[in-house]
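**Student:** I'd like to go over a predicted model; first the sequence, then the structure.
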Amino acid sequence: MALNNPAFSRDAAFSSRGGIAVANQVSNQQLNDMYNRESAPDSGDVMTVEDTIAKTVGAFALLLVGAAIGWIADMPLLWIGAGLVGFVLALVNIFKKQPSGALVLAYSAFEGVFVGGISRYYETAFGGVVTQAVVATIIVVGVTLALFASGKIRASKKATKVFLIAMVGYVIFSLVNMVLMFTGATDDAFGLRSAEIPFLGIPFGVVLGVLVVIMAAYSLVLDFDFIQKGAANGAPRAYGWKGAFGIMVTVIWLYLELLRFFAILRD
């Protein structure tokens, strides 16, 4: 292809005598500089899907260890404190320019303690919801991954824009609901989520929960898309941690939303 292209065929480097022509035109110092240049990154230094999966599995293993500690300890101050630390670490990982494996693993450990503790709290109040949330989370993640791998669903600019708008609206609603609950403006167990929808007779949190699960599933699509594109573009290997962090955040969010969803149904 290069020899058939006029832009290349006029260059001696692409001609049949290109090696001789170039050698005659390059000085010894230039040849030394060429040999001393830093070589291209080795294949082991670039991001791959397999390496990202391995990092994600390691992060989830640490999450499970932390969850076991939070569940067994059953100390609200412990898992609430771990949740706050995990939130801070999440912000650090989000805004840090260079991904850090140590910070991602630390986030996984602290979030694990929080997830284990809050799961024990929900299980005590609404027996059986933890099993339901775990099974539902596995199903949602598995179905989303299968659809993405088969090419049935893909991230798009329009869908991503809708997702971002919905996320902003959901965050605002959650903050308002939290303020109302803390100030005593509503005494329902889940605040505005417990309010029944007129003429339907079902809690608002049930409808909202379904929408949020769809949002979380699309967030997983964005995570998978990032990993796929990063590997295809030969991104630095460290960005595998960024992909693992994205999946961790989304799956934890999905699980907590499903946990509350089943608790509202039980309530």
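**Tutor:** Thanks, I have it.
**Student:** From here on, just use CA atoms for contacts and neighbour counts.
**Tutor:** Will do.
**Student:** Which residue lies closest in space to residue 180, excluding its sequence neighbours?
**Tutor:** residue 186 (5.9 Å; CA to CA, 6 or more residues apart in numbering).
**Student:** Confirm the one you found sits in a helix?
**Tutor:** No. Judged by DSSP: H, G, I helix; E, B strand; the rest coil, residue 186 forms no part of a helix; its state is coil.
**Student:** What is the neighbour count of it?
**Tutor:** 17 (other CA atoms under 10 Å).
**Student:** just residue 147 next, same as before
**Tutor:** Residues near residue 147, counting by other CA under 10 Å: 13.
**Student:** So it is in contact with residue 140, correct?
**Tutor:** No. With contacts counted by CA atoms under 8 Å, residue 147 stays clear of residue 140, the gap being 10.6 Å.
**Student:** Can you report phi and psi for the residue nearest to residue 180?
**Tutor:** Dihedral pair for residue 186: phi -140, psi 140, per degrees, to the nearest 10.
**Student:** Next: residue 203.
**Tutor:** The phi/psi pair for residue 203 (degrees, to the nearest 10) is phi -60, psi 140.
**Student:** what pLDDT does the nearest residue to it once chain neighbours are set aside get?
**Tutor:** Spatial nearest neighbour of residue 203, excluding adjacent residues (CA to CA, 6+ apart): residue 196 at 4.2 Å. At residue 196, the predicted lDDT confidence score is 88.
**Student:** For residue 196, give me its contacts.
**Tutor:** 202, 203, 204 (CA atoms under 8 Å, 6 or more residues apart in numbering).
**Student:** Tell me how far the second one lies from residue 112.
**Tutor:** With the distance defined as CA to CA, to the nearest Å, residue 203 ends up 29 Å from residue 112.
**Student:** quick one, which of these two is more surrounded?
**Tutor:** More neighbours surround residue 112 than the other of residue 203 and residue 112, with 30 against 19 (other CA under 10 Å).
**Student:** tell me the contacts of that one?
**Tutor:** 62, 63, 64, 65, 66, 67, 68, 70.
**Student:** Which helix or strand contains it?
**Tutor:** Following DSSP states H and E, one finds residue 112 within helix 101-125.
**Student:** Show me which positions of that helix end up buried.
**Tutor:** 101, 103-123 (16 or more other CA atoms under 10 Å).
**Student:** how deep is residue 78 tucked in, by neighbour count?
**Tutor:** Neighbours around residue 78, by other CA under 10 Å: 16.
**Student:** Take the contacts of residue 112 and lay them out in CSV including distance to residue 133, secondary structure and neighbour count.
**Tutor:** Converted to CSV, those look like this (distance: CA to CA, whole Å; DSSP: H, G, I helix; E, B strand; the rest coil; neighbours: other CA atoms under 10 Å):
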residue, distance to residue 133, secondary structure, neighbour count
62, 20, helix, 21
63, 16, helix, 26
64, 15, helix, 18
65, 18, helix, 16
66, 18, helix, 23
67, 14, helix, 26
68, 16, helix, 17
70, 17, helix, 27
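**Student:** tell me which of the residues you listed is nearest to residue 94?
**Tutor:** Nearest to residue 94 out of these is residue 63 (CA to CA; 18.4 Å).
**Student:** how about the helices of this protein, start to end?
**Tutor:** 6-9, 18-25, 28-36, 49-73, 76-95, 101-125, 129-149, 157-183, 204-232, 239-266 (DSSP state H).
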